[in-house]
Each structure stands twice: as C-alpha cells, then as structure tokens.
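> Let me see the structure of the following:
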Amino acid sequence: MEREIRYMKEVMSSMMEKQDKFIKENTELKVRLVECEKIREIYYEMEKIKKQNDDFFTNL
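Down below sits the predicted model:
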C-alpha cells in the first residue's frame, strides 16, 4: 500500500510539472500570437499606403 501511494505521489508530481510546462508554453504562444497580429496590422496598413501611392502615380 505504501508503495502505491508513493507511486501515485510521483505520478501526480510529474503531471503537475507537465501542466506547469504547458501553461508556460501556452502563455508564450499567446504572446507570440499578439505580436503576429500587430505585425499583420502593420503589414495591412503598409499595403493600403502602397495602393494609395500606386493609385496616385497611376493618375498623374
């Protein structure tokens, strides 16, 4: 019985460590996602400006 309890404690400890690791990775991925969304917005704005410039020079 002691052996099973010790084993269960080890398993629980391992699971908690894995959970902590996944939470950390998930948080890092969320931060990267926000950064990518910001870059996408900047790219979109640049494309709008490029189109405006192209339209302007086309109509000259």
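> Report the secondary structure element holding the residue nearest the centre of the chain.
Taking C-alpha atoms, centre = their mean as the criterion, L29 is the residue nearest the geometric centre of the chain, at 2.4 Å. Element membership for L29 (DSSP states H and E) is helix 2-58.
> Look up how far E4 lies from I23.
28 Å (C-beta to C-beta, to the nearest Å). Yep, even glycine has a C-beta here, placed from its N, CA and C like the rest.
> Burial check on I42, number of neighbours?
10 (other C-beta atoms under 10 Å).
> Same question for F57.
Counted with other C-beta under 10 Å, the burial measure for F57 works out to 8 neighbours.
> next one: F56
9.
> Now do it against L33, distance only.
35 Å.
> Same check on T58?
For T58, the distance to L33 equals 37 Å [C-beta to C-beta].
> Between these two, tell me which one has more neighbours.
Under the criterion of other C-beta under 10 Å, the comparison of T58 against L33 puts L33 first, with 10 against 7.
> can you pull the contacts of the more buried one?
Contacts here follow C-beta atoms under 8 Å, 6 or more residues apart in numbering; on that basis L33 touches nothing.
> how near is it to Y44?
Shown here: L33 relative to Y44, a distance of 16 Å by C-beta to C-beta.
> do I23 as well
The span separating I23 from Y44 equals 32 Å under the rule C-beta to C-beta.
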